[in-house]
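>>> Task: produce atomic coordinates for the following.
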Amino acid sequence: MPETESTASNFVREIIAGDLSNDNNDGRVVTRFPPEPNGYLHIGHAKSICLNFGMAQEFGGKCNLRFDDTNPSTEEVEYVESIKEDVRWLGFDWEDRLYYASDYFEQLCQWAIDLIKAGKAYVCSLKPEQVREYRGNYFQKGKDSPYRERSVEENLDLFARMRAGEFADGEHVLRAKIDMAHPNLNMRDPPIYRIVRGVSHHRTADKWCVYPMYDFAHGQSDAIEGVTHSICTLEFEDHRPLYEWFINNLDVPAKPQQIEFARLNLSYTVLSKRRLLQLVQQKHLRGWDDPRMPTLIGMRRRGYPPAAIRKFCDRIGVAKRDGVVDVRLFEHAVRDELNQTAPRVMAVLRPLKVVIDNYPEGQVEQFEAPYHPEDPSKGSRKVPFCRELYVERDDFREDPPKKWFRMAPGREVRLRYACLLKCVDVVKDEAGQVVELRCTWDPDSRGGTSPDGRKVKGTLHWVPAAQSVEAEVRLYDQLFTVENPTADKEKDWLSHLNPASLEVLTGSRVEPSLAGAAAGTRYQFERLGYFCADADTRAGTLVFNRTISLRDSWAKIEAKSKG
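Below you'll find the model as predicted:
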């Protein structure tokens with residue numbers, strides 16, 4: 001497992017440390033990450049993964065990966081495999097502790113029968129809408145089902161027939177007998193088992209016609225696995241009394257403690273499974289792995305390093321109340337990690353041709369360029385230099401404003417690792433667009449400095465025209481234009497989608513060292529940002545995703561002047 005350095009508050013850590021100091025649970029720490037395999041994991045799940053695995057690691061315990069697969073209507077093997085891949089990608093290992101709630105179906109069913117025999121569960125034959133009506137609300141007490149006083153024998157018979165598949169979906173439901181006047185609605189005779197027929201379970205196929213409700217299966221699965229600290233998100237706080245009721249009323253092998261923490265909410269992002277599904281189904285995005293998605297599979301494709309996600313989750317801490325984390329904190333963690341690990345290379349996204357008039361035709365020389373200026377251990381590569389180059393179109397102004405230190409007529413700039421270069425003429429097409437710059441170089445400035453010590457403020461990146469490799473570059477930005485896309489209930493949240501969240505550039509050029517870039521490899525394109533080779537990259541076809549931009553001081557100055 002990865003090592004993490006905890007820097008933020010974490011009340012869960014304090015609880016576990018207190019239990020250990022009091023020798024609770026015989027000094028054991030067992031946590032679990034229990035996803036439902038009904039969708040792809042997102043950044044919010046990453047917080048739970050890091051917390052559960054991280055606490056187990058920190059205290060010398062174990063963390064299980066368990067799939068709470070109690071709803072065959074929404075669960076698929078595809079999701080199971082993607083979740084396992086995501087957990088591994090984040091850097092965590094469940095070793096031999098891979099479990100499924102479906103492993104325990106027989107035991108759970110027996111425990112349901114035990115509740116019936118103890119007079120603490122009954123088969124209710126109310127229609128679903130009647131069950132909701134009888135339940136009441138926060139201001140009105142519920143009322144007893146007319147089937148609440150069925151005999152133990154009748155309940156056992158009906159439940160056995162439910163399991164045998166004699167009844168249609170919704171015809172009966174097994175409910176716990178607790179208190180229909182309880183102030184917590186979750187305690188008002190909650191359902192334990194419902195009938196689900198005609199749907200094949202991804203592991204048990206058609207063996208079962210009844211399935212346990214999540215609230216019933218969850219705590220008992222924890223107990224079977226010997227979980228000591230059942231860490232879950234805040235929406236389960238009101239379910240804790242029910243969690244404890246089942247544990248206390250069944251002969252379970254352990255009594256785990258449920259602890260709730262605030263889920264991760266990120267600005268300019270939606271993390272609702274329903275809304276993410278809508279984005280995919282309505283084709284607002286290309287799929288679950290679209291790099292604009294907050295899914296882990298999408299983040300992986302975009303190029304976010306798993307170490308950055310772990311650091312981010314640690315830095316924001318663990319809260320007891322919901323809040324919204326500024327996405328810039330996440331971006332800071334990504335930049336911080338990539339700044340340390342990504343090799344520097346040169347790419348030109350919007351090429352503008354440069355011809356060096358006083359450089360010999362056909363001559364090529366090599367300039368040494370380090371992959372990381374602060375880490376010599378990363379090595380270096382040679383970048384070919386010749387008469388014709390490409391520079392970034394945005395680095396040229398024919399009529400430059402004040403404080404412009406990049407290329408302009410009569411101005412001298414430094415080409416990174418290479419030389420000093422002066423623009424002497426501008427070539428335009430029939431429409432008046434600049435298509436080529438004619439320049440001269442100072443042969444004595446090889447490496448970027450001149451013997452006479454003259455000062456040149458602007459340094460540009462570049463690539464050789466003949467040896468550079470063409471690439472498609474996908475520039476990703478925030479998916480939404482407002483911090484909280486779902487805050488305005490009067491407005492469709494989809495209306496806040498950012499129409500500029502993706503710009504595709506064809507004809508970009510990258511230095512020759514990237515010719516064999518493998519999908520998933522991360523780089524810093526000098527002066528432009530951090531990029532990752534996309535999964536669409538093939539032999540002879542390079543595709544790069546912008547993971548995140550660098551701070552651009554001139555862009556801020558220019559935007560301010562226009563405002």
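>>> and C423, that one's in a strand?
Yes - the assignment for C423 is a strand, going by DSSP: H, G, I helix; E, B strand; the rest coil.
>>> so it bridges to which residues?
Beta-bridge partners of C423, counted by DSSP bridges, are C439.
>>> Could you pull up the residues touching it?
For C423, the contact set (Cβ atoms under 8 Å, 6 or more residues apart in numbering) comprises 396, 407-411, 437-439. For the C-beta atoms, the positions are set from N, CA and C on the backbone; glycine is no exception.
>>> So R416 versus A333, what's the distance?
27 Å (Cβ to Cβ, to the nearest Å).
>>> between the two, who's got more neighbours?
A333 (22 against 18; other Cβ atoms under 10 Å).
>>> where does that one fall, helix, sheet strand or coil?
Per three-state DSSP, A333 ends up helix.
>>> go on, the one 4 residues further on?
Applying three-state DSSP to E337 yields a three-state assignment of helix.
>>> How much space separates the closest residue to it other than its chain neighbours from R13?
The shortest distance from E337 to any non-neighbouring residue, by Cβ to Cβ, 6 or more residues apart in numbering, is to A308 (3.8 Å). A308 sits 22 Å away from R13, going by Cβ to Cβ.
>>> Surely F11 and K320 touch.
Yes - proximity of F11 to K320 meets the contact threshold set by Cβ atoms under 8 Å, at 6.3 Å.
>>> Now do the shared contacts for these two.
The contact sets of F11 and K320 overlap at F261 (Cβ under 8 Å, 6+ apart).
>>> Going along the chain, name the strands of the stretch 51-200 of the chain.
62-67, 98-100, 121-124, 173-176, 191-195 (DSSP state E, counting those that start in this stretch).
>>> Find the residue closest to S145 in space, skipping its chain neighbours.
Distances taken as Cβ to Cβ, 6+ apart place C124 nearest to S145, at 4.8 Å, with adjacent residues excluded.
>>> scratch that, K382
K382 sits nearest to Q366 (Cβ to Cβ, 6+ apart), 4.0 Å away.
>>> same thing with P343?
Nearest non-adjacent residue to P343 (Cβ to Cβ, 6+ apart): Y371, at 3.8 Å.
>>> try R197
In space, and not counting its chain neighbours, R197 is closest to C209: 5.3 Å by Cβ to Cβ, 6+ apart.
>>> Contact partners for that neighbour?
Neighbours of C209 in contact, by Cβ under 8 Å, 6+ apart: 162-165, 195-197.
>>> still on that earlier bit, which members of the contacts of C423 occur in helices, if any?
The helices, defined by DSSP state H, take in nothing from the contacts of C423.
>>> Can you tell me which of these has the most neighbours?
For the contacts of C423, neighbours tallied by other Cβ under 10 Å; top is M407, 25 neighbours.
>>> Could you measure from R454 over to A176?
For R454 relative to A176 (Cβ to Cβ), the value is 84 Å.
>>> Of the two, give the one with the bigger neighbour count.
When neighbours are counted by other Cβ under 10 Å, R454 and A176 differ, and A176 comes out ahead with 23 against 11.
>>> Which strand residues bridge the more buried one?
In beta-bridge terms (that is, DSSP bridges), A176 pairs with A121.
>>> What does the pLDDT read for it?
According to the prediction, A176 has pLDDT 98.
>>> which residues sit in contact with it?
115, 120-121, 189-192, 216, 242, 245-246.
>>> Out of the helices and strands in this structure, which is least certain?
Sorting the helices and strands of the chain by mean pLDDT, DSSP states H and E puts helix 553-562 at the bottom, at a mean of 54.
>>> Next, the contact list for N71, please.
36, 38, 196, 211, 214.
>>> what about D444, how many neighbours?
Neighbour tally, D444, other Cβ under 10 Å: 11.
>>> Quick check: closest non-adjacent residue to it.
With Cβ to Cβ, 6+ apart, the residue lying closest to D444 is P451, at 5.4 Å.
>>> how far away is the one you found from P443?
As judged by Cβ to Cβ, P451 and P443 stand 11 Å apart.
>>> Likewise for K403?
30 Å.
>>> Check M346 too.
For M346, the distance to P443 - Cβ to Cβ - is 21 Å.
>>> I'd like to know how far the residue of the chain positioned farthest from its centre sits from D442.
Computed with Cα atoms, centre = their mean, the residue of the chain farthest from its C-alpha average is D452, at 52.2 Å. Noted for D452: a distance of 9 Å to D442, by Cβ to Cβ.
>>> Show me which residues of stretch 459-479 are buried.
The neighbour-count check on stretch 459-479 (16 or more other Cβ atoms under 10 Å) flags 460-465, 468-469, 471-476, 478-479 as buried.
>>> among the residues you listed, which are in helices?
In helices, judged by DSSP H, none of the buried residues of stretch 459-479 are found.
>>> one step back: output the contacts of A176 in CSV, with pLDDT, distance to W89 and neighbour count appended to each entry.
Shown next, in CSV, are these (pLDDT from 0 to 100; distance: Cβ to Cβ, whole Å; neighbours: other Cβ atoms under 10 Å):
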residue, pLDDT, distance to W89, neighbour count
L115, 98, 41, 21
K120, 98, 43, 16
A121, 98, 42, 26
D189, 98, 42, 23
P190, 98, 36, 19
P191, 98, 36, 16
I192, 98, 36, 25
F216, 98, 32, 26
L242, 98, 34, 22
W245, 98, 37, 19
F246, 98, 34, 22
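>>> Out of those, flag the one nearest to L158.
Nearest to L158, judged by Cβ to Cβ, of the contacts of A176 is A121 at 11.2 Å.
>>> Distance from the chain centre to stretch 169-187, please.
36 Å (Cα atoms, centre = their mean, to the nearest Å).
>>> Would you mark the buried spots in that stretch?
172-178, 180, 182, 186-187.
>>> Widest-spaced pair of these?
H172 and H182 (22.7 Å).
>>> ok, the nearest residue to D536 once chain neighbours are set aside - contacts?
Take D536 and drop its neighbours on the chain: the residue closest to it by Cβ to Cβ, 6+ apart is V543, 4.4 Å away. With contact taken as Cβ under 8 Å, 6+ apart, V543 is in contact with 471-474, 533-534, 536-537.
>>> could you dump the residues you listed to CSV with distance to E225 and pLDDT?
Output for the contacts of V543, formatted as CSV (distance: Cβ to Cβ, whole Å; pLDDT from 0 to 100):
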residue, distance to E225, pLDDT
A471, 48, 98
E472, 47, 98
V473, 47, 98
R474, 43, 98
A533, 40, 98
D534, 39, 98
D536, 41, 97
T537, 41, 96
